[in-house]
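K.L.:
Sequence first, predicted model second:
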Amino acid sequence: MWPYFERLRKEDPVHYCNDSQYGPYWSVTRFKDIMSVETNHKVFSSASRSGGITIMDNNAAASLPMFIAMDPPKHDVQRKTVTPIVAPENLAKLEGLIRQRTQNALDALPVGETFNWVERVSINLTAQMLATLFGFPFEDRTKLTHWSDVTTCELGTCGVETEEQRIKEIQECGAYMTKLFNERANSDPQPDLLSMLAHSENTRNMSPEEFMGNMVLLIVGGNDTTRNSMSGGLLALNENPEEYRKLCADPTLIPSMVSEIIRWQTPLAHMRRTALEDFELGGKQIKKGDKVVMWYVSGNRDGDEIENADRFIIDRANPRHHLSFGFGIHRCVGNRLAEMQLRVLWEETLKRWPKPGQIEVVGEPRRVFSTFVKGFEALPVRINA
Ligand code: HEM
């Protein structure tokens, strides 16, 4: 895809595609134009009634009411309720537990044998993290990963063949979460997400659909993205041995490397908006009702905005200057949490395996088949003693 995006940025940065399997849509590929769309939510709607937030018009799960697919004022009210879980003081409380679970996962890895990093590290750790966030029964945590996969997958690629099956699975998720929600509502407030939702005036009386929508949002939001950054980071280091050496020589680079990994990976390749009125962007006339796709994956490689954008460099001067978390009113709620998880992972990893190339990618990665989730199903890895 890279040469196509490069050409689009150069020759037609706001490009109309009038025929595709997703219907007609605009591709916005330059950093600055993406920012113009992101910061103008009055014109560019995220609402599911307009079509939702992905190039694919709402699938059955994504059309549930969730605040990522709402416009103000409702969006703002619901977002405010979940924000405290990721406030700095709460993150500081979570860090100890995240570190302990990361240590356990790493200590259980085999040395000198090939294994799938995606399954043993990335999925394992993000499922544990989600369980912690929700106060979800730890022994059932793989259900969270399953529900997340079912929501975002292309039909036929994740054990779900039809939209009906997808709905059924999501309903099971809803029933499980409702039970937990009711338990929390009837006990004292706790510092987990479900308890916060159950005790906040703004969300206590959500409709069942709204409750399910927001559950799905938080499960998916905190799952695929962080998971794929955990895998993508290791791959990037292996593909850029000079950067791997730099990291091992100076582990204080971990925080800036984490941001670079998130830019480089761009775990969500795009977000979509729908124009609520006619609007001129980059000299093109977008019409009311048009679908507008912001290709973060392209904006993050825009050399006019980011120096040496097509290189993975772990000690950039301004590493958080990227589009992977979006921007404007929908900017990712979990961005600091994700960065913390990745930082802890790399701190603990380097303590155990401090030499460059010691965690070696030994085969081709298998990628997720999706235009939305940019990630990995498998990454064969061997830890060299
Ligand atoms: C929104 C990416 C981790 C929860 C978003 C958006 C993006 C994104 C692109 C939409 C931004 C927009 O439309 O402008 C990422 C990436 C992550 C990550 C790349 C990891 C590397 C997380 C985590 C959580 C989370 C760990 C959960 C706690 C959310 C929520 C929203 C959101 C709730 C909706 C915000 C709103 O509409 O106001 N994320 N995310 N994300 N993310 Fe994340």
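P.N.:
Nice, thanks for sending it over.
K.L.:
use CA for all of it now, contacts and neighbours both
P.N.:
OK.
K.L.:
So what does the one residue in the stretch 51-200 of the chain that gets nearest to the ligand look like in phi/psi?
P.N.:
Relative to the ligand, the nearest point of the stretch 51-200 of the chain is residue 68 (3.1 Å; C-alpha to the nearest ligand atom). Main-chain dihedrals, residue 68, degrees, to the nearest 10: phi -70, psi -30.
K.L.:
measure it to residue 299 for me?
P.N.:
Distance of residue 68 to residue 299, given as C-alpha to C-alpha, to the nearest Å: 21 Å.
K.L.:
again, but for residue 348
P.N.:
Between residue 348 and residue 299 the distance is 32 Å, computed by C-alpha to C-alpha.
K.L.:
and residue 341, what does it touch?
P.N.:
Shown in contact with residue 341 (C-alpha atoms under 8 Å, 6 or more residues apart in numbering): residue 98.
K.L.:
if I've got this straight, it is in a helix?
P.N.:
Yes: assigned with DSSP: H, G, I helix; E, B strand; the rest coil, residue 341 falls within a helix.
K.L.:
and it, how far is that from the ligand?
P.N.:
Here residue 341 is placed at a distance of 8 Å from the ligand (C-alpha to the nearest ligand atom, to the nearest Å).
K.L.:
For that residue, give me the pLDDT.
P.N.:
For residue 341, the pLDDT comes out at 95.
K.L.:
Check the gap between it and residue 375 for me.
P.N.:
Residue 341 is 17 Å from residue 375, where distance means C-alpha to C-alpha.
K.L.:
go on, residue 52?
P.N.:
Taking C-alpha to C-alpha, one finds residue 52 at 21 Å from residue 375.
K.L.:
Likewise for residue 381?
P.N.:
Applying C-alpha to C-alpha, one obtains 16 Å for the distance of residue 381 from residue 375.
K.L.:
Compare these two (neighbour count), which wins?
P.N.:
Remark: of residue 381 and residue 375, residue 375 carries more neighbours, 27 against 22, as counted by other C-alpha atoms under 10 Å.
K.L.:
residues near the residue of the stretch 101-250 of the chain at minimum distance from the ligand, how many?
P.N.:
Proximity of the stretch 101-250 of the chain to the ligand (C-alpha to the nearest ligand atom) peaks at residue 222, 3.4 Å away. For residue 222, the neighbour count with other C-alpha under 10 Å is 24.
K.L.:
what's the answer for residue 260, then?
P.N.:
Quick note: residue 260 (other C-alpha under 10 Å) scores 25 neighbours.
K.L.:
That one is in what secondary structure piece?
P.N.:
Using DSSP states H and E, residue 260 sits in helix 254-265.
K.L.:
The next helix or strand after that helix packs against which elements?
P.N.:
Where DSSP H and E defines the elements, the next helix or strand beyond helix 254-265 is strand 270-275. Counting by 3 or more C-alpha pairs under 8 Å, 6 or more residues apart in numbering; DSSP states H and E, the packing neighbours recorded for strand 270-275 are strand 44-45, strand 291-295, helix 296-299.
K.L.:
Redo these as CSV? Include mean neighbour count, distance to residue 167 and mean pLDDT.
P.N.:
Output for the helices and strands packed on strand 270-275, formatted as CSV (neighbours: other C-alpha atoms under 10 Å; distance: least, C-alpha to C-alpha, whole Å; pLDDT from 0 to 100):
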stretch, mean neighbour count, distance to residue 167, mean pLDDT
strand 44-45, 26, 25, 96
strand 291-295, 27, 25, 98
helix 296-299, 27, 29, 98
